[in-house]
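Q: Sequence and predicted structure are below.
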Amino acid sequence: MKQSFAITTALLVVIGFGLMAQAPVPPPAKPTTGDPVEYSAGQSAAGKTAYDQNCLSCHGRTLDNGEFGPALRGTTFNMNWAGGTVGDLVSYMSTKMPPAAPGSLGATIYAQIATYILQSNGIAPSLRDMPIDAAALAKLRIPGAAERRGAPGGGLTPGVALPNAPPASTLLDRMTSVTAAMLANPPAAEWLTWRRTQDSQGYSPLANQPQQREGSARRMELVAAAGSEHRASVGTRWCDVRAGLHGPGRSARRRNG
């Protein structure tokens, strides 16, 4: 029993160390201070050329419309890199990218691509080139989106204009409030409740509506006339039936039967 307990304890200890070894390492804390980012327009232009050759196929032409890689501008970039250092960004790029040959581009090209990414996120170029050695890059702090003028937010595709807002609806402005007096005595042209009036009349008055009154009267005349013709027709057929029951033809049929 003691031996089984000892073996179980040893297994739990080994499993615990294994889980600790597999647990993800939390990212390093982002610095709150640092030197401002500086790079030249020439570096950024060279970085765009290098990006188009090595990164565009995964991250997209606009850095946020790639099919195989995450966005490198806008919200995704800000969440991952804003507040960190340029050294962190370049170190990640040089050890992970491009996926087929990490670290194959050289320090100069990785720094140039970094400047192009920074410019695409609203960090304007300056007159001095950005250094390429790791110690100097580690001192350059990437500002947050709120610190950058014109920094992209959600990453809308360039050239796509948002539609105009729809005009404000004026439907309520054209409506008249219904009062208790209107419900008790609704206007002749209105039907405000299910049966129109509180005593459930269920019809609209014809007063002050001569055309409707004349039309209704004409329809009533037509119905009355049709009813008279129908009754006359039925009476004629009934007389014919009675004559057949008592006429000589029926007697003859009885004798012959």
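A: Alright, I've got the coordinates. Residues are numbered from 1 along each chain as shown.

Q: where's A134 relative to T193, distance?
A: Relative to T193, A134 is positioned 81 Å away (C-beta to C-beta, to the nearest Å). In this view, the C-beta of every residue, glycine as well, is placed from N, C-alpha and C.

Q: Can you report how many residues lie near the nearest residue to K96 once chain neighbours are set aside?
A: Distances taken as C-beta to C-beta, 6 or more residues apart in numbering place P102 nearest to K96, at 5.5 Å, with adjacent residues excluded. Each residue near P102 was counted by other C-beta atoms under 10 Å, and the total is 12.

Q: quick one: contacts for P102?
A: 94-96 (C-beta atoms under 8 Å, 6 or more residues apart in numbering).

Q: just those residues now: which is nearest Y110?
A: For Y110, the closest of the contacts of P102 turns out to be S94, at 4.8 Å, with distances computed as C-beta to C-beta.

Q: Quick check: phi and psi at the closest one.
A: The phi and psi torsions at S94 (degrees, to the nearest 10) take the values phi -70, psi -20.

Q: Next: H59.
A: Its backbone dihedrals place H59 at phi -100, psi -10, with angles given as degrees, to the nearest 10.

Q: My read is that it contacts L72, right?
A: Yes - with contact taken as C-beta atoms under 8 Å, H59 and L72 are classed as touching, separated by 5.3 Å.

Q: With neighbour numbers in mind, choose between the two.
A: Remark: of H59 and L72, L72 carries more neighbours, 25 against 22, as counted by other C-beta under 10 Å.

Q: Quick check, that one in contact with I117.
A: Yes - using C-beta under 8 Å, L72 makes contact with I117 at a distance of 5.3 Å.

Q: residues shared between the contacts of those two?
A: Shared between the contact lists of L72 and I117 (criterion: C-beta under 8 Å, 6+ apart) are residues L63.

Q: how's this protein carved up into domains?
A: The chain breaks down by automatic domain parsing into domains covering 30-147, 210-252.

Q: Could I get the ones you listed in JSON lines, plus columns for distance to T176 and mean pLDDT?
A: Formatted as JSON lines, the domains of the chain follow (distance: least, C-beta to C-beta, whole Å; pLDDT from 0 to 100):
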{"stretch": "domain 30-147", "distance to T176": "48", "mean pLDDT": "91"}
{"stretch": "domain 210-252", "distance to T176": "23", "mean pLDDT": "57"}
